[in-house]
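**Q** I'll drop the sequence and a predicted model, then ask my questions.
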Amino acid sequence: MKSLLSSRPVLWFLFLFNLVVAVAAPFVVDGSQGVMTAVGMGVVSLGAGVSLLRGKRAVA
């Protein structure tokens, strides 16, 4: 499972999907639930983005 989650296509999917959801959540869901959804998805997106950058630096 770890090798699947650390593959570049999966990391790109996690980064982009969670970024889109984090941006859209406050407009779709009202109140604190929308804000917390945006924060949670933003954290996952940030983690995937950092993993993408780390992987790129290690190869280069």
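**A** Alright, I've got the coordinates.
**Q** Now do the same contact list for the most centrally placed residue in the chain.
**A** With distances taken as Cα atoms, centre = their mean, Ser45 lies nearest the centre of the chain, 1.6 Å away. Ser45 makes contact with Leu14, Phe15, Leu16, Asn18, Leu19, Ala22 under the criterion Cβ atoms under 8 Å, 6 or more residues apart in numbering. Every C-beta, even on glycine, is put in place using the N, C-alpha and C of the backbone.
**Q** That one: which element?
**A** Using DSSP states H and E, Ser45 sits within helix 31-59.
**Q** what comes up buried for that helix?
**A** Within helix 31-59, the residues that count as buried by 16 or more other Cβ atoms under 10 Å are Thr37, Ala38, Met41, Gly42, Val44, Ser45, Ala48, Gly49, Ser51.
**Q** And stretch 2-10, by the same measure?
**A** Of the residues in stretch 2-10, none is buried (16+ other Cβ under 10 Å).
**Q** What mean pLDDT does it get?
**A** Averaged over stretch 2-10, pLDDT sits at 83.
**Q** From the chain's centroid, how far away is that stretch?
**A** How far stretch 2-10 lies from its chain's middle: 13 Å, per Cα atoms, centre = their mean, to the nearest Å.
**Q** about what we covered before: adding distance to Lys2, write the buried residues of helix 31-59 out as a markdown table.
**A** Compiled in a markdown table, those are given as follows (distance: Cβ to Cβ, whole Å):
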| residue | distance to Lys2 |
| --- | --- |
| Thr37 | 26 |
| Ala38 | 27 |
| Met41 | 22 |
| Gly42 | 23 |
| Val44 | 16 |
| Ser45 | 19 |
| Ala48 | 14 |
| Gly49 | 18 |
| Ser51 | 12 |
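**Q** any idea which of those is closest to Pro9?
**A** Distance to Pro9 across the buried residues of helix 31-59 (Cβ to Cβ) is lowest for Ala48, with 11.4 Å.
**Q** What residues of stretch 7-21 count as buried?
**A** Within stretch 7-21, the residues that count as buried by 16+ other Cβ under 10 Å are Leu11, Leu14, Phe15, Asn18, Leu19, Val21.
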